[in-house]
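[1] predicted model follows, preceded by the sequence.
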Amino acid sequence: MDYRAGTLAPERVKALEELGVVWSHRDHAFEEGLAAARRWASEHGHFLPPAHAVWDGYPVGTWAKNLRTAARLADARAEQLEAGLPDDAFAGGLSQERREALDEIDPGWSPVWDAGWQRCLRLVQNHLAQGGSVPWEAGEVVVQGEDLGRWVKGCRLGWDALQPAQQWLLENALGLGPAGEDERPVQRTQDDKWMLNLAAARQFHAREGHLRVPRKHEEQLVSDGGGFGAQVGAGGVVVVKLGTWIDNVRKRAGKLPEQRRAELDQLGMQWAAGTAGRSR
């Protein structure tokens, strides 16, 4: 009680602490986590561990996640106080002293956006500082389990969805900007999808002489260099789930435009499921 009241002499406090006295279990738990945080940051170059991270047996990822939540709660409380709400409007939060201790380890430990995004930013920065270059494609550079090329590409393609501060960091810390129109994946229209599936149906009909396609059949088309776009896989092959498509088209036959129905009629399409004889 004397310690809590502040009346215990400093030399006695020191003597008791040397004997292992723990004045506050909460303070002791924080100091234990802080020690693990320092070791993590020293090894990884940041204090933005994934939630599942464990260091020397300590769940440093969960601990960091909980403290980020506490920091946001403290910020929300401060905003409410400025708005004139009573001091007890919020419970919990992170003290300024503890926040400063974490800031000393890594000033960016509690970003206002997703911690995973901030972790990738820091890893790319570290990669550049070590003489590397910006990775542009998925799989080009993987560090601490993070695909940095995939992250860079995702940031550039999703530029407009980022916060202004994130855009500023990408521009000024990494020299990145939004992806150009020529870099964006081709968006296939419904007409494109129809023509792709129709080409597969025509190929099947030319080979088999009918359009009784088994439900699970997949037709492989070889690209001639145009028309299939982002669908082209390894070796220029496009895999079309033709059986599923035929089945779905048959179910919505009444909603098909006349021209599309005629295109399938030319291939001997049997519109009644009972007479299709799809399995052989």
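    Arrived safely, thanks for sending.

[2] residue boundaries of the helices in the chain?
    Taking DSSP state H as the criterion, the chain contains helices spanning 2-5, 10-18, 25-44, 60-82, 96-105, 115-129, 148-157, 164-173, 190-208, 242-251, 258-265.

[3] now the angle from the third one to helix 96-105?
    Following axes from the mean of the first three to the mean of the last three CA atoms, to 10 degrees, one obtains 10 degrees for the angle between helix 25-44 and helix 96-105.

[4] which residues touch helix 25-44?
    Residues from elsewhere that reach helix 25-44 (CB atoms under 8 Å, 6 or more residues apart in numbering): 22, 47, 49, 53, 55-56, 58, 60, 63-64, 67, 98, 101-102, 105-106, 144. Quick note: C-beta positions are derived from backbone N, CA and C, even for glycine.

[5] if you set the cut-off to 7 Å instead, what comes out?
    Applying CB atoms under 7 Å, 6 or more residues apart in numbering, the contact partners of helix 25-44 are 22, 47, 49, 55-56, 58, 60, 63-64, 98, 101-102, 105-106, 144.

[6] residue 183: which of the helices of the chain is closest?
    Nearest to residue 183, of all the helices of the chain, is helix 148-157, at 7.4 Å by CB to CB.

[7] now for that closest one, which elements pack on it?
    On a contact count with 3 or more CB pairs under 7 Å, 6 or more residues apart in numbering; DSSP states H and E, helix 148-157 meets helix 115-129.

[8] in the helix it packs on, what's buried?
    Neighbour-count burial for helix 115-129 flags 115, 117, 118, 119, 120, 121, 122, 123, 124, 126, 127 (criterion: 16 or more other CB atoms under 10 Å).

[9] let me have these in CSV, extended by pLDDT and distance to residue 171.
    As requested, the buried residues of helix 115-129 are exported to CSV (pLDDT from 0 to 100; distance: CB to CB, whole Å):
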residue, pLDDT, distance to residue 171
115, 91, 21
117, 94, 15
118, 94, 16
119, 94, 19
120, 95, 16
121, 95, 12
122, 94, 16
123, 95, 18
124, 96, 13
126, 94, 18
127, 95, 18
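
[10] so where is the chain shaky, pLDDT-wise?
    Along the chain, segments meeting pLDDT under 70 span 1-27, 79-93, 186-187, 223-236, 273-280.

[11] domain-wise, how is this structure divided?
    For the chain, automatic domain parsing gives the domain ranges 1-110, 111-184, 190-275.

[12] what would the helices of the chain look like in JSON lines with distance to residue 179?
    Putting the helices of the chain into JSON lines (distance: least, CB to CB, whole Å) gives the following:
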{"stretch": "helix 2-5", "distance to residue 179": "59"}
{"stretch": "helix 10-18", "distance to residue 179": "57"}
{"stretch": "helix 25-44", "distance to residue 179": "29"}
{"stretch": "helix 60-82", "distance to residue 179": "30"}
{"stretch": "helix 96-105", "distance to residue 179": "34"}
{"stretch": "helix 115-129", "distance to residue 179": "16"}
{"stretch": "helix 148-157", "distance to residue 179": "4"}
{"stretch": "helix 164-173", "distance to residue 179": "12"}
{"stretch": "helix 190-208", "distance to residue 179": "21"}
{"stretch": "helix 242-251", "distance to residue 179": "31"}
{"stretch": "helix 258-265", "distance to residue 179": "34"}
